[in-house]
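In: Okay, sequence plus prediction incoming.
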Amino acid sequence: MISTSSRMIGVLLAQVGTPSEPTAKAVRPFLRRFLSDRRVIDYPPLLWQPLLRGVILAVRPKRSARLYASIWGDEGSPLLSISRLQQAGLQQRLGDRYKVELGFAYSEPDIAQAMSRLEAAGADRILVLPLYPQYSSTTTAAIYDAACFAALGKDRRTGPSAKRFVPELRLAGAFFDHPGYIRAMQMHLSSLLQRLPQPPDRFLLSFHGIPQRYANGGDPYPEQCRETARLLAEAMGWTSEQWDLAYQSRFGPETWLGPSTGEQLQRLADSGAKRPLVYAPGFVTDCLETLHELGVEAREDFAARTEGATGGDGLTVAPCLNDQQEWLDLLAEVVRNNAKGWTDT
């Protein structure tokens with residue numbers, strides 16, 4: 001009889017994804033997959049697909065490619081290179097009992113490939129771990145979909161199944177209020193503040209937005225964002241007058257969660273803030289949204305709003321947790337807790 005406690009456990013570290021190159025040719029299939037997922041855009045396909053495949057995919061990839069090119073590093077996509085560091089750091093902490101693979105929902109290395117590699121390595125029990133602290137149907141649930149269909153050997157609900165054996169799956173939940181996550185962010189920000197020449201005069205916590213309609217329909221994302229922000233502010237010792245919450249990355253004409261990051265930057269400028277610090281607790285890996293949308297666009301936006309003001313050094317954008325040691329320690333703890341019953345400990 002094979003001992004349950006001696007079998008390898010697979011860990012699928014999952015993200016939405018990134019283009020392979022900062023070119024319109026590479027961005028187009030990434031956007032097509034991403035914006036075709038009805039977890040992300042839930043409009044009826046008969047209405048949405050002609051618009052997507054016509055105007056949007058004809059125009060948006062060129063603009064997005066220019067933005068990606070501005071953040072591309074020597075190792076390629078920052079999201080991919082940093083995710084690889086997270087994968088390696090987690091593997092080191094978990095040891096040989098676990099096999100950690102990286103999988104993206106809409107690009108390479110995709111989730112189906114990662115699932116196949118885990119099974120080929122002998123893992124018949126696999127933990128799916130989305131790298132999104134706050135649950136959203138647009139990210140966490142989309143990853144659950146991709147992982148479950150990959151494990152089943154299917155690419156959609158109907159149609160043939162390509163596999164006879166399906167591994168046992170567990171889906172790791174959100175960790176928006178996990179003390180280790182809050183502590184990792186508190187240590188990360190405290191270290192950064194010690195290195196700044198002057199302390200910030202305000203703090204803005206910026207989360208990725210979703211349509212308000214999704215929240216009205218039961219997505220718990222905004223409540224989890226607010227709780228993360230409250231716990232982090234409490235850990236940092238900020239008073240209610242020192243910090244604000246905002247949502248970024250609006251897309252399309254309908255109402256999204258608010259206030260927007262741009263609106264909050266205007267409020268900060270109007271109130272006389274000169275050295276705000278912006279941090280994105282919902283992103284654990286630096287990517288286009290943090291490096292360009294916040295690191296370039298928001299910084300330039302704030303500078304324009306405060307043009308002519310005297311004093312201050314402008315807006316500072318804090319990096320994500322990336323491969324910070326305390327953050328990787330927390331990831332390993334999340335994995336071990338979710339693997340209870342699969343191991344002796």
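Out: Perfect, thanks for sending it. Numbers count the residues shown, from 1 in each chain.
In: can you pull out the strands in the protein?
Out: Along the chain, counting by DSSP state E, strands occupy 9-15, 98-104, 125-130, 168-171, 202-208, 243-248, 276-279, 316-317.
In: okay if I get the ones you listed as JSON lines plus mean pLDDT, mean neighbour count and distance to A147?
Out: (Glycine included, C-beta is placed from N, CA and C.) Written out in JSON lines, the entries for the strands of the chain read as follows (pLDDT from 0 to 100; neighbours: other Cβ atoms under 10 Å; distance: least, Cβ to Cβ, whole Å):
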{"stretch": "strand 9-15", "mean pLDDT": "98", "mean neighbour count": "26", "distance to A147": "6"}
{"stretch": "strand 98-104", "mean pLDDT": "98", "mean neighbour count": "23", "distance to A147": "8"}
{"stretch": "strand 125-130", "mean pLDDT": "98", "mean neighbour count": "24", "distance to A147": "4"}
{"stretch": "strand 168-171", "mean pLDDT": "97", "mean neighbour count": "16", "distance to A147": "7"}
{"stretch": "strand 202-208", "mean pLDDT": "98", "mean neighbour count": "25", "distance to A147": "21"}
{"stretch": "strand 243-248", "mean pLDDT": "98", "mean neighbour count": "23", "distance to A147": "27"}
{"stretch": "strand 276-279", "mean pLDDT": "98", "mean neighbour count": "24", "distance to A147": "29"}
{"stretch": "strand 316-317", "mean pLDDT": "98", "mean neighbour count": "20", "distance to A147": "32"}
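In: looking at the sheet around Q15, what are its partners?
Out: For Q15, the beta-bridge partners under DSSP bridges are F104.
In: hang on, the earlier thing: closest to R305 out of the strands of the chain?
Out: The closest of these to R305 is strand 276-279. By Cβ to Cβ, the value is 10.8 Å.
In: who does that closest one pair up with?
Out: Strand 276-279 has these partner strands in its sheet, going by DSSP bridges: strand 202-208 (parallel), strand 316-317 (parallel).
In: where exactly do the helices run in the protein?
Out: When assigned using DSSP state H, the helices of the chain occupy the ranges 24-36, 45-51, 57-71, 78-94, 111-120, 140-152, 179-195, 212-216, 221-236, 261-270, 288, 299-305, 325-338.
In: What residues of the last one count as buried?
Out: By neighbour count with 16 or more other Cβ atoms under 10 Å, helix 325-338 contains the buried residues E326, W327, L328, D329, L330, L331, A332, E333, V334, V335, R336, N338.
In: Show the contacting residues for the first one.
Out: This points to E326. Listed by Cβ atoms under 8 Å, 6 or more residues apart in numbering, the contact partners of E326 are G180, R183, A184, M187, H188.
In: Can you give me the distance of it to T239?
Out: As judged by Cβ to Cβ, to the nearest Å, E326 and T239 stand 25 Å apart.
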